[in-house]
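Novice: Got a predicted structure plus its sequence, pasted below:
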Amino acid sequence: QVLSQENIENVIRFANKHRLFILADEVYQENVYLPDSKFVSFKKVLMSLRAPYNQLELASFHSASKGWYG
């Protein structure tokens, strides 16, 4: 399942409200098979938002081995 940009924005707003650190598991970002689905990274959405949201702490995980072979 791919999160929409709107879903990611809601997660970021929730995390900001509750002062949470976001751990984004984006290991399977290359494995999107539905033609109408598009991967959008948490960092890209985070940077597109204005303060205070774009100041939120974020760790994004990716794995080369899971991208094409996992």
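Specialist: All right, it came through fine.
Novice: where along this protein do the helices fall?
Specialist: For the chain, the helices defined by DSSP state H cover 5-17, 42-48, 64-69.
Novice: Make CSV from these and add mean neighbour count to it.
Specialist: Just so you know, the C-beta spots here come from the backbone N, C-alpha and C atoms, and that holds for glycine as well. Shown next, in CSV, are these (neighbours: other C-beta atoms under 10 Å):
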stretch, mean neighbour count
helix 5-17, 15
helix 42-48, 17
helix 64-69, 10
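Novice: right, so of those helices, which gets closest to Pro35?
Specialist: The closest of these to Pro35 is helix 5-17. By C-beta to C-beta, the value is 17.6 Å.
Novice: Report the rounded mean pLDDT for that closest one.
Specialist: Mean per-residue pLDDT for helix 5-17: 95.
Novice: which residues are in contact with that helix?
Specialist: 3, 20-22, 40, 42, 45-46, 49, 52-53, 56 (C-beta atoms under 8 Å, 6 or more residues apart in numbering).
Novice: ok now it, how far from the chain's centre?
Specialist: Averaging C-alpha positions (C-alpha atoms, centre = their mean, to the nearest Å) puts helix 5-17 10 Å from its chain's average.
Novice: what's the answer for stretch 10-18, then?
Specialist: Worked out by C-alpha atoms, centre = their mean, stretch 10-18 lies 13 Å from the chain centre.
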